[in-house]
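[1] Got a sequence here, can you build the structure:
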Amino acid sequence: MTLLDSLKSFTTVVADTGDINSIAKFKPQDATTNPSLLFNAAKQSEYAHLVEQALEEAAKQGGDHAAQTEAFMDNLFVSFGREILKIIPGRVSTEVDAGLSFDTEATLAKARRLIALYEEAGVDRNRVLIKIASTWEGIRAAEQLEKEGIHCNLTLLFSFAQAVACAEAGVTLISPFVGRIYDWYKKDRGVADIAPEDDPGVASVTRIYQYYKKYGYQTQVMGASFRKVEQITDLAGCDLLTISPDLLDKLGQAEGTLVQKLSAESAKASKDEKIHLDEKAYRWLHNEDAMAVEKLSEGIRKFYADARKLEQMAQSLVTQQAGR
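    Numbers count the residues shown, from 1 in each chain. The predicted model follows:
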C-alpha cells in the first residue's frame, strides 16, 4: 500500500490543480482551482479548446469589451470546472475574484452567476463549491449562499476566529492554509525548518477540526497549502486535504501505512470552550493573531494579482476575437 492509498482510507483527497491530466492521474475525490492555476493551464495547447469555448460564449453575450472580458473569465472557470467534473466523482471548487473579498453583495452576484453557468451546462449545483476569501464580508456572503443551496469553500483561512465564524455561518467547507502558517512562523523564528511535532500549521488545523467535531458543527475541514509530506500525514483523518500534484506524486511513490491522527473520538480532547462571534468579537479575536492578519491580507493581494494576470490574458483574447 502507498501512503496515498492509506491516506484515502481516512481522508477525502482533493487535487489542488487546474491541470486536468494530473487530476486524471491521481484520481482524487474532489478538485480545487484558482486564477493562477487556470492562467497556467489555459496557456497549454491541450486546453485551447476550452479557451475557445469560453471566448465563443463571451461573444454570444455581447456587451462592451469589459463585459466580454468578465464573461470570458466566468466561462473559462466553468469550462475547466466542467472538464474536471467529468473525471472526478465529487466536487470542484471555483473561485470568486479576490477583488470582491470585502464586498458581500458583489460576491453574492458573482457566486450566483457562476452557479447559473454551471446549471445552464447541466451541472448540479451540489457538485460545485464557490470559493470565497474568509473575510467577515465573505463569510456573510457564504451564509446567504448556503441558504440558497449554493455551497461554499471558505479559503485563505488562518485564524481560529475565521474558523469559528465560518462554522456559525453554516458554510460547507473551510480551507485552512497549513503551509502558509508554517512559512510565517519559520520566518518569524528565523529558522530553516520547524519539527513536525511543533508545526503551527498542523496544530491550527488540528485545533479547528477538534473544535468542530466536539461541538457538532457540520462544516468540513480541508487542510490546504502543504509544504511537505509530513504535514499531510500528520493530518490523516482530517475531513479533506487538498494536495498539489508534486506532493500527491510523493505520497503515491512511498510505501507505507498511516496512523489516523484526527478523529471525532480524539476531538473530545479539545480544551476550547464554545464561543459566539458577532462582528466586533470576530474582528478583535482575528486581530489578536498577527500571523493571520498578515497572511490573510497578503493572500488576498496575491490572489488578486493572479486574477489580474488571467484578466490581462482574457482582454487580449477578447480583442483578438473581436478582430476576426
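[2] C-alpha only now, for contacts and for neighbours.
    Noted.
[3] Return the distance of residue 163 relative to residue 155.
    10 Å (CA to CA, to the nearest Å).
[4] Spit out the residues that contact these two alike.
    Shared contacts of residue 163 and residue 155 (CA atoms under 8 Å, 6 or more residues apart in numbering): residue 174.
[5] So, low pLDDT: which residues of the stretch 1-150 of the chain?
    The stretch 1-150 of the chain contains no residues with pLDDT under 70.
[6] Would you map the strands across it?
    Ranges of strands in the stretch 1-150 of the chain, per DSSP state E, counting those that start in this stretch, are 12-16, 30-32, 92-95, 128-133.
[7] The second one: which residues count as buried?
    Along strand 30-32, these residues count as buried under the neighbour rule (16 or more other CA atoms under 10 Å): 30-32.
[8] pretty sure residue 319 belongs to a helix, no?
    Yes: judged by DSSP: H, G, I helix; E, B strand; the rest coil, residue 319 forms part of a helix.
[9] ok, back up a step: could you export the strands of the stretch 1-150 of the chain to a markdown table, including columns for distance to residue 293?
    Below are the strands of the stretch 1-150 of the chain laid out as a markdown table (distance: least, CA to CA, whole Å):
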| stretch | distance to residue 293 |
| --- | --- |
| strand 12-16 | 24 |
| strand 30-32 | 24 |
| strand 92-95 | 21 |
| strand 128-133 | 13 |
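[10] Test my guess that residue 137 contacts residue 106.
    No: contact criterion CA atoms under 8 Å: residue 137 and residue 106 do not qualify, at 10.2 Å.
[11] okay, now the residue nearest to residue 161 when sequence neighbours are not counted: neighbour count?
    Nearest residue to residue 161, sequence neighbours excluded (CA to CA, 6 or more residues apart in numbering): residue 286, at 5.3 Å. Residue 286 has 17 neighbours, counted by other CA atoms under 10 Å.
[12] Which residues does stretch 159-166 contact?
    Stretch 159-166 has contacts (CA under 8 Å, 6+ apart) with 134-135, 139, 154, 157, 174, 204, 208, 219, 275-277, 282, 285-286, 289, 292.
[13] neighbours of residue 133, just the number please.
    29.
[14] is it in a bridge, and if so with what?
    Residues in a beta bridge with residue 133, per DSSP bridges, are residue 155.
[15] Let me know which of the strands of the stretch 1-150 of the chain is the nearest to residue 66.
    strand 92-95 (19.4 Å; CA to CA).
[16] May I have the closest one as CSV, with CA atoms only?
    Extracted in CSV, the C-alpha atoms of strand 92-95 (Å, rounded to 0.1, in the frame of the first residue of the first chain):
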residue,chain,number,x,y,z
VAL,A,92,-14.9,21.2,-7.9
SER,A,93,-14.1,24.5,-6.2
THR,A,94,-14.5,27.6,-8.4
GLU,A,95,-13.1,30.9,-7.0
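[17] I'd like to know which elements that strand is packed against.
    Under the contact criterion of 3 or more CA pairs under 8 Å, 6 or more residues apart in numbering; DSSP states H and E, strand 92-95 touches strand 30-32, helix 65-85, strand 128-133.
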